[in-house]
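Colleague: here are the coordinates; sequence isn't available:
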């Protein structure tokens with residue numbers, strides 16, 4: 001039995017299926033923290049597949065070459081600084097009132113009749129540097145006011161905002177999902193940005209504009225009075241005359257994206273080893289580009305606007321606390337992927353999946369969808385799926401743009417059908433006063449539309465790159 005499990009294709013496939021089933025069982029049924037569940041399952045798979053203990057965990061004298069440390073360290077060394085710096089950048093933009101400035105200018109430009117589109121664009125732009133839930137926290141009060149002034153349903157104004165925040169969180173660096181998948185599949189973040197924008201914008205238009213206008217006329221939910229009171233308080237706190245200019249806000253958001261893209265294209269167009277090549281590579285390194293942007297934000301949005309060193313230190317500390325669990329999940333996912341590769345399960349799974357005749361981009365999407373719907377966490381869906389498909393990609397010689405599109409398909413699958421096992425579902429329900437039924441009718445369908453359109457765009461692009 002053990003020999004069959006460790007050395008035959010059916011046995012290794014059985015081990016793969018059981019490992020994913022146990023992972024989902026631990027997370028869903030026993031409410032085990034995802035990063036602990038990933039470690040437990042990875043260790044169990046490694047032992048069941050017969051990996052030597054020294055290979056798995058090293059020895060008392062040296063553990064640096066072990067799968068455990070390499071799996072964790074390999075991915076965290078790539079993404080930890082990026083996610084941390086991106087979080088700090090978002091925190092500074094939030095604290096400085098940048099969201100209020102962005103929303104006000106867009107509302108002026110689009111007018112009252114097109115206020116939902118303006119709010120959606122604010123979510124799209126502000127969603128680049130801030131996490132999804134933080135974006136809701138900062139921008140929701142502005143949605144309350146717009147809905148109350150128009151006398152229309154809050155659904156009409158909240159869905160475009162949520163669509164903008166969601167697609168940026170799913171497809172664009174420095175958010176954890178795309179950054180983690182890029183690290184696991186060895187894709188340049190420059191190509192992730194290019195393909196992320198190419199996928200996110202059409203998805204937002206279909207879901208955040210077309211669908212949101214349609215559903216907003218069919219679900220009539222007035223703004224609760226307590227939400228309006230909170231909105232007025234937020235406006236009074238953020239309505240300072242000393243608010244940053246729109247140009248400054250957009251420059252700080254856009255600078256790291258421009259630098260990373262310059263580094264990506266510089267590595268293609270410039271002569272390797274030349275001074276321009278070195279300069280483009282240095283400033284285009286994601287951690288360097290984000291460090292520059294964060295330092296500028298500290299100075300231009302913080303110190304120059306009266307923030308003390310103590311205030312910025314406190315803000316930084318508070319904003320980085322939620323990042324710890326994300327990094328642990330991603331690190332454990334990296335370890336799980338390393339185990340799948342080392343045991344031979346990955347190659348066996350790759351061979352069987354290839355035999356189905358489906359393109360890798362479609363397989364990646366389906367796997368991500370299943371894991372997302374089963375356990376609710378987008379991050380777990382991404383890191384687990386990336387670990388499964390990495391061996392499939394290893395022998396295909398995909399180009400960087402093609403790999404980036406596989407990342408997009410995984411990210412698209414990770415947001416499908418948000419329902420009651422997803423924390424985001426309850427955040428949306430609470431912040432916009434929607435019942436469970438109304439949240440399913442609006443938010444769950446919206447996420448599914450964003451997911452499907454995102455995958456379709458990625459699949460179409462994969463035919464021409």
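Modeller: Done, it's in. Just so you know, these numbers come straight off a predicted model, no measurement behind them.

Colleague: Setting the sequence-adjacent residues aside, check what's closest to residue 135.
Modeller: Once its chain neighbours are removed from consideration, residue 135 has its nearest residue in residue 165; the separation is 4.2 Å (Cβ to Cβ, 6 or more residues apart in numbering). The way it works is simple: take the backbone N, C-alpha and C, and place the C-beta from them, glycine included.

Colleague: distance of that neighbour from residue 69?
Modeller: When distances are taken as Cβ to Cβ, to the nearest Å, residue 165 and residue 69 turn out to be 35 Å apart.

Colleague: next one: residue 173
Modeller: In this structure, residue 173 lies at 25 Å from residue 69, with Cβ to Cβ as the measure.

Colleague: now swap in residue 176 and tell me
Modeller: 21 Å.

Colleague: Tell me which of these two has more neighbours.
Modeller: residue 176 (24 against 16; other Cβ atoms under 10 Å).

Colleague: quick one: contacts for the more buried one?
Modeller: For residue 176, the set of contacting residues under the criterion of Cβ atoms under 8 Å, 6 or more residues apart in numbering consists of 79, 83, 326, 330, 379.

Colleague: I'd like those as a markdown table, with secondary structure appended.
Modeller: A markdown table is the format used below for the contacts of residue 176 (DSSP: H, G, I helix; E, B strand; the rest coil):
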| residue | secondary structure |
| --- | --- |
| 79 | helix |
| 83 | helix |
| 326 | helix |
| 330 | helix |
| 379 | helix |
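
Colleague: Rounded mean pLDDT for stretch 452-465, please.
Modeller: For stretch 452-465, mean pLDDT is 97.

Colleague: Same question for stretch 225-234.
Modeller: In this model, stretch 225-234 carries a mean pLDDT of 68.

Colleague: just checking, what packs against the strand or helix carrying residue 251?
Modeller: Here residue 251, judged by DSSP states H and E, is contained in helix 246-269. Applying 3 or more Cβ pairs under 8 Å, 6 or more residues apart in numbering; DSSP states H and E, one finds that helix 246-269 contacts helix 67-95, helix 98-110, helix 115-126, helix 189-204, helix 275-284, helix 286-297.

Colleague: Buried residues in the longest one, which are they?
Modeller: Of the residues in helix 67-95, those with enough neighbours to count as buried (16 or more other Cβ atoms under 10 Å) are 67-76, 78-95.

Colleague: quick one: residue 443 and residue 427 touch, right?
Modeller: No. When contacts are counted by Cβ atoms under 8 Å, residue 443 is not listed as touching residue 427 (9.6 Å).

Colleague: Which one of those two is surrounded by more residues?
Modeller: Neighbours of residue 443 and residue 427, each counted by other Cβ under 10 Å, are more numerous for residue 443; the result is 27 against 17.

Colleague: what residues are up against that one?
Modeller: 159, 162, 418, 425, 428-429, 434 are the contacts of residue 443 under Cβ under 8 Å, 6+ apart.

Colleague: any idea which of these has the most stuff around it?
Modeller: residue 162 (34 neighbours).

Colleague: Which elements pack onto whichever strand or helix holds that residue?
Modeller: Taking DSSP H and E as the criterion, the element that holds residue 162 is helix 154-171. The elements that helix 154-171 packs onto, with contact taken as 3+ Cβ pairs under 8 Å, 6+ apart, are helix 115-126, helix 132-150, helix 176-185, helix 189-204, helix 212-216, helix 400-413, helix 423-431, helix 445-462.
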